[in-house]
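K.L.:
Make a model of this:
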Amino acid sequence: MADNTAKQAQGAPLAPQGKPISIEKSIEALARYGGFDLLESAIENVQNVNPERKARRNIFLSEANKAKERETLKKTLELWLNVLSDNETITDMVASSEDHKKASEALLTKNLAYAVDAT
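P.N.:
All right, here's what the predicted structure looks like:
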């Protein structure tokens, strides 16, 4: 149980004083911008971790058959975090996303070529 609390504290956002921000305070801050509904409209599968849907959240976080979905959602949220924290303006966010898209397409093309050559 202490291990789980330590893991949660490690991943928690930090306030300027270096203390973890509580989930309640984060939800209050999010409420000013439309609440969790804003995230649900923009990010696929984020409704599975909505704190207001406790049963759905617990099932999503504990069921073994949801592991792949959890990993996909984690990667998606990390991508959103990087885009939002690394850029100042929407224009910068779009340009950064386009650059990542081009790099991903180039990598995909390269890997597909390797796969075709291997067969």
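K.L.:
Pretty sure E40 sits in a strand.
P.N.:
No: when classified by DSSP: H, G, I helix; E, B strand; the rest coil, E40 is found to be helix rather than part of a strand.
K.L.:
Please name the nearest non-neighbouring residue to it.
P.N.:
Distances taken as C-beta to C-beta, 6 or more residues apart in numbering put Q47 closest to E40, at 4.8 Å, once the chain neighbours are dropped. Where you see a C-beta, it was placed from the backbone N, CA and C, and this is true even at glycine.
K.L.:
In the chain, which helix is the longest?
P.N.:
Identified as the longest helix of the chain according to DSSP state H is helix 90-118.
K.L.:
ok now it, how far from the chain's centre?
P.N.:
Mean-position distance between helix 90-118 and its chain equals 20 Å (C-alpha atoms, centre = their mean, to the nearest Å).
K.L.:
now do stretch 77-89
P.N.:
Put simply, stretch 77-89 sits 10 Å off its chain's centre (C-alpha atoms, centre = their mean).
K.L.:
Next, the buried residues of it.
P.N.:
The neighbour-count check on stretch 77-89 (16 or more other C-beta atoms under 10 Å) flags nothing as buried.
K.L.:
And for it, what's in contact with it?
P.N.:
Stretch 77-89 is contacted from outside by 43, 46, 93, 96-97, using C-beta atoms under 8 Å, 6 or more residues apart in numbering.
K.L.:
Nearest to A113 among these?
P.N.:
The shortest approach to A113 among the contacts of stretch 77-89 belongs to S97, at 24.7 Å (C-beta to C-beta).
K.L.:
For the closest one, the count of nearby residues, please.
P.N.:
Here the neighbour count serves as a burial measure; for S97 (other C-beta atoms under 10 Å) it reads 14.
K.L.:
Next, the contact list for it, please.
P.N.:
V83.
K.L.:
Look at it and report its pLDDT.
P.N.:
What the model reports as pLDDT for S97 is 93.
K.L.:
separation between it and E105?
P.N.:
Computed with C-beta to C-beta, to the nearest Å, the distance linking S97 and E105 is 12 Å.
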